[in-house]
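> Output the structure for:
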Amino acid sequence: MKSNDGELSLENIRVIGIFAHIDAGKTTTSEAILYHTGRIHRAGSVDDGNTQLDWMEQERERGITITAAATTCWWRGCRINLIDTPGHIDFTVEVMRSIRVIDGAVIVMCGFEGVETQTETVWRYADAEQLPRLIFINKLDRESADFQAALADARRRLTPHAVAVQLPIGSGSQLRGVIDLLADQALIWQGSEEPIAGPIPAEMVDTAATARAQLLDAICELDESLLWMRLEGREPPLDDLRRVLRQAVIAGRLTPVLCGSARLRIGIRPLLDAIAAYLPSPVDISAVTGSDPDSTASLTRPAERGAPFCASTFKIVADPHVGHLAWTRVFSGEVTVGDMVYNPRTGEEERIGRIYQMHANRREPLNRMGPGDVVALVGIKSAITGDTLCSPAAPIVLEPFHFPQPVISIALSPICDEERDRLHECAARLCAEDPTLQLSYDPETGDQVLAGMGELHLEIAVDRLRSEWGVTARTSPLRIAYRETIRHKAEATGIYRKQTGGHGHFAQVRLRVEPLEAGKGILFRSIASPVDVPEAYARAAEAGAREALHKGIVAGYPMTDLQITLMAGRYHEVDSNTMDFRIAGSMAVRQAVAKAAPTLLEPIMYAGIHVEEDYLRAVLGDFARRRGTVHELQLHGTARLIRGEAPLADLRGYATDLRHMTQGRGAFTLEFRRYEVVSERLAIRIIEERALAGEVERR
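Here you go, the predicted model:
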């Protein structure tokens with residue numbers, strides 16, 4: 001069993017994530033990194049289905065990354081804990097939770113496509129976490145790839161602080177190396193893994209000089225001593241330039257842009273050098289902050305081995321061999337196998353049975369873990385995604401994870417009645433692994449309803465039920481996750497009174513409902529006097545109101561984006577109990593909602609559609625028929641990128657239709673953006689369909 005490099009200086013640890021839009025070459029880049037660091041001896045191919053990090057059957061069949069994979073490698077004295085993430089928008093949960101536990105990121109862009117929709121999404125998440133980043137412009141061996149166009153796109157769409165630290169030498173089939181602008185030299189690959197350093201090609205001397213001057217200006221502007229050297233016409237020392245660039249990357253003031261071809265392994269060694277040189281170690285970032293579970297007072301945990309233990313569980317995996325695996329990032333302190341850790345959410349202490357360092361789906365046992373480690377734990381059975389694990393003697397709660405709500409669903413039914421319980425159990429396991437999958441029960445049909453982020457998300461989930469647990473499920477046509485809300489403010493009083501002999505039942509609750517801005521969910525507050533409504537009864541009224549809003553009054557969909565205010569109430573010393581107030585709260589909120597102009601909402605998706613010029617008119621016409629709105633039309637070589645929005649309801653089956661319209665050459669991505677009020681005509685149709693299905697009463 002390994003000791004997990006307990007003597008390694010924390011300054012020599014990097015915890016990074018690799019992110020990209022689908023097909024930008026992210027997994028190929030990760031494979032090349034593992035190959036160059038000696039972690040693997042033969043780089044796998046996405047096309048051949050033999051990559052190390054895309055190990056799932058569904059990943060290898062489809063040539064896409066579905067689940068985040070973790071591994072560890074070494075480069076120039078640094079231990080790099082790497083998380084490879086999916087590029088498809090349906091699996092954004094893997095991106096979101098990975099970003100929460102890493103210290104730096106490599107954003108892989110395609111040199112032909114430029115900035116794509118998932119790249120922008122990842123960038124927004126990284127901005128929210130103030131994450132230091134590098135950009136690697138990949139696939140420059142592809143014909144029509146354009147480094148300068150991709151760089152300009154990154155500056156326009158991602159950050160104006162993107163600075164080129166390399167230039168490609170050649171392009172397309174002529175790509176043979178890169179220019180290191182800081183070192184002012186060329187790196188040429190001539191059939192060997194190690195590049196040959198030499199003078200910059202004569203035809204690129206002027207271009208490189210201009211780019212280098214821009215880079216040095218950007219760096220020197222951030223350090224007064226270097227700026228004076230620059231103004232005096234002196235060349236700043238290379239080590240000082242790298243030191244200031246590192247500080248600027250960690251502070252988010254500059255984002256270095258590198259380039260190459262992961263497929264040809266051109267530029268991968270310099271990328272590894274940049275990861276070690278510019279991305280932060282655990283001690284370079286701010287101490288993690290949280291709160292005291294008892295007092296909510298703010299607490300911090302520095303990245304020190306002697307500090308109290310603090311870690312975040314960011315992923316749960318049901319491993320067929322070892323059971324419940326809790327993937328965990330350690331922020332502070334050290335623990336060993338057999339130690340007890342505390343979960344503030346459950347209030348439980350659990351013993352660490354085993355610690356594993358992961359390499360995709362392979363496990364390497366360790367006997368301890370410390371700051372900067374990304375490991376999988378056995379024995380922490382209570383943990384779910386987002387839980388904090390900490391020292392029982394020094395509890396802390398880190399900020400919880402927040403994930404988008406599912407927008408589409410299917411009904412699952414077993415092939416035979418004997419499989420019903422097993423289907424429910426296995427689907428629940430999938431949902432425990434993936435918080436953007438949600439399972440519910442439909443009492444009308446007896447089916448399990450599985451909701452997710454998109455068609456592919458649900459398709460993969462059903463396939464995993466079959467391949468991993470041997471459960472085959474019948475599925476219904478896709479269902480759109482509509483929502484309901486209100487447009488006005490309204491009040492109502494719910495009175496529950498019942499006399500059955502002996503003690504009776506009584507509760508009176510007066511509520512006000514009012515609309516909130518989109519995305520706020522349901523908020524509750526009480527301004528009622530505790531004399532009139534004791535706290536326990538107020539909590540019961542809230543529970544009843546929230547439960548009632550699970551099924552709206554327009555078409556039976558969950559309600560959202562409204563605030564409930566408990567204004568007043570009455571209770572009886574003898575006849576009242578919490579259940580009475582749950583019922584009264586439920587009655588009051590439904591009456592108030594009925595007065596508040598309830599309306600139906602539908603999910604609106606952001607679409608990025610890639611199509612050849614020959615098919616553009618047909619695709620635009622079809623998009624308009626789907627109630628789509630085009631926001632931007634970009635030229636990408638001979639292809640076009642359509643950026644726009646459309647209701648999810650009109651995009652069902654779009655993958656098949658787009659293939660037919662473009663003879664298989666079109667591609668698209670969808671990302672949920674917001675809910676919008678549906679038109680009255682469409683609302684009538686939806687309500688009628690729900691009535692025919694017996695899910696609401698016909699009006």
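> For R133, give me its contacts.
104-107, 126, 249, 255 (Cβ atoms under 8 Å, 6 or more residues apart in numbering). Any C-beta I mention is one placed from the backbone N, CA and C, and that applies to glycine too.
> May I have the beta-bridge partners of it?
A105 (DSSP bridges).
> Of the contacts of R133 - the most surrounded one?
Neighbour tally across the contacts of R133 (other Cβ atoms under 10 Å): the maximum, 27 neighbours, falls on I107.
> still on that earlier bit, so which of the contacts of R133 comes closest to F401?
A126 (15.3 Å; Cβ to Cβ).
> So that closest one sits against V106, correct?
No: under the criterion of Cβ atoms under 8 Å, A126 makes no contact with V106, lying 10.8 Å away.
> Next, show the common contact partners of these two.
Joint contacts of A126 and V106 (Cβ under 8 Å, 6+ apart) are 19, 133.
> how many other residues sit next to the spatially closest residue to L181 that is not a sequence neighbour?
In space, and not counting its chain neighbours, L181 is closest to R212: 4.5 Å by Cβ to Cβ, 6 or more residues apart in numbering. Look at R212: counted by other Cβ under 10 Å, it has 20 neighbours.
> Run through this protein and note the low-pLDDT ranges.
Counting by pLDDT under 70, the chain has low-confidence residues at 1-7, 42-67, 87-90, 192, 320, 360-361, 443-446, 501-502, 636-638, 693-699.
> domains of it?
Following automatic domain parsing, one gets these domains for the chain: 11-284, 299-398, 409-480, 484-596, 600-688.
> now these as CSV including distance to P293?
Formatted as CSV, the domains of the chain follow (distance: least, Cβ to Cβ, whole Å):
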stretch, distance to P293
domain 11-284, 19
domain 299-398, 4
domain 409-480, 21
domain 484-596, 20
domain 600-688, 33
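> packing partners for the longest helix seen in the chain?
In the chain, taking DSSP state H as the definition, the longest helix is helix 578-595. Judged by 3 or more Cβ pairs under 8 Å, 6 or more residues apart in numbering; DSSP states H and E, the packing partners of helix 578-595 are strand 490-498, strand 505-515, helix 535-548, strand 562-570.
> Reformat those as JSON lines; add distance to A186 and mean neighbour count.
Converted to JSON lines, these look like this (distance: least, Cβ to Cβ, whole Å; neighbours: other Cβ atoms under 10 Å):
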{"stretch": "strand 490-498", "distance to A186": "72", "mean neighbour count": "17"}
{"stretch": "strand 505-515", "distance to A186": "62", "mean neighbour count": "23"}
{"stretch": "helix 535-548", "distance to A186": "64", "mean neighbour count": "20"}
{"stretch": "strand 562-570", "distance to A186": "62", "mean neighbour count": "21"}
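> Can you say which of those is nearest to R479?
When those are compared by Cβ to Cβ, helix 535-548 sits nearest R479, at 21.8 Å.
> got the CA positions of the closest one in PDB?
The C-alpha trace of helix 535-548 is given here as PDB (Å, rounded to 0.1, in the frame of the first residue of the first chain):
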ATOM      1  CA  GLU A 535     -42.800  27.900  15.200                       C
ATOM      2  CA  ALA A 536     -43.500  24.200  14.900                       C
ATOM      3  CA  TYR A 537     -46.900  25.000  13.300                       C
ATOM      4  CA  ALA A 538     -45.300  27.500  10.900                       C
ATOM      5  CA  ARG A 539     -42.800  24.900   9.700                       C
ATOM      6  CA  ALA A 540     -45.700  22.500   9.200                       C
ATOM      7  CA  ALA A 541     -47.600  25.100   7.200                       C
ATOM      8  CA  GLU A 542     -44.500  25.600   5.000                       C
ATOM      9  CA  ALA A 543     -44.200  21.900   4.500                       C
ATOM     10  CA  GLY A 544     -47.800  21.600   3.400                       C
ATOM     11  CA  ALA A 545     -47.500  24.600   1.100                       C
ATOM     12  CA  ARG A 546     -44.400  23.300  -0.600                       C
ATOM     13  CA  GLU A 547     -45.900  19.800  -1.000                       C
ATOM     14  CA  ALA A 548     -49.000  21.300  -2.600                       C
END
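> Give me the neighbour count for A318.
By other Cβ under 10 Å, 15 other residues sit near A318.
> ok, it to E364 distance?
20 Å (Cβ to Cβ, to the nearest Å).
> again with P371
Applying Cβ to Cβ, the value for P371 to E364 is 19 Å.
> top strand in the protein by residue count?
Counting by DSSP state E, the longest strand found in the chain is strand 598-612.
> The helix or strand following that one packs against which elements?
Downstream of strand 598-612, the first helix or strand assigned by DSSP states H and E is helix 616-625. Applying 3+ Cβ pairs under 8 Å, 6+ apart, one finds that helix 616-625 makes contact with strand 598-612, strand 629-636, strand 639-647, helix 654-662.
> Nearest to D447, out of the ones you listed?
With Cβ to Cβ as the criterion, D447 lies closest to strand 598-612 of those, at 21.6 Å.
> just how off-centre is the closest one within its chain?
Here the centre of strand 598-612 is set off from its chain's centre by 19 Å, with Cα atoms, centre = their mean, to the nearest Å.
> and it, what does it pack onto?
Packing partners of strand 598-612 (3+ Cβ pairs under 8 Å, 6+ apart): strand 483-486, helix 616-625, strand 639-647, helix 654-662, strand 667-677, helix 680-692.
> Looking at those, which one is packed in the most?
Among those, strand 483-486 has the highest mean neighbour count (mean count of other Cβ atoms under 10 Å), at a mean of 23.
> could the helices and strands packed on helix 578-595 be laid out in TSV, adding distance to A588?
Formatted as TSV, those follow (distance: least, Cβ to Cβ, whole Å):
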stretch	distance to A588
strand 490-498	3
strand 505-515	4
helix 535-548	7
strand 562-570	9
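> Can you say which of those is nearest to D206?
If you check each of those against D206 by Cβ to Cβ, strand 505-515 wins as the nearest, at 60.6 Å.
> Looking at the contacts of R133, spot the one nearest I196.
Using Cβ to Cβ, V106 is the member of the contacts of R133 that lies nearest I196, at 24.6 Å.
> Much appreciated, bye for now.
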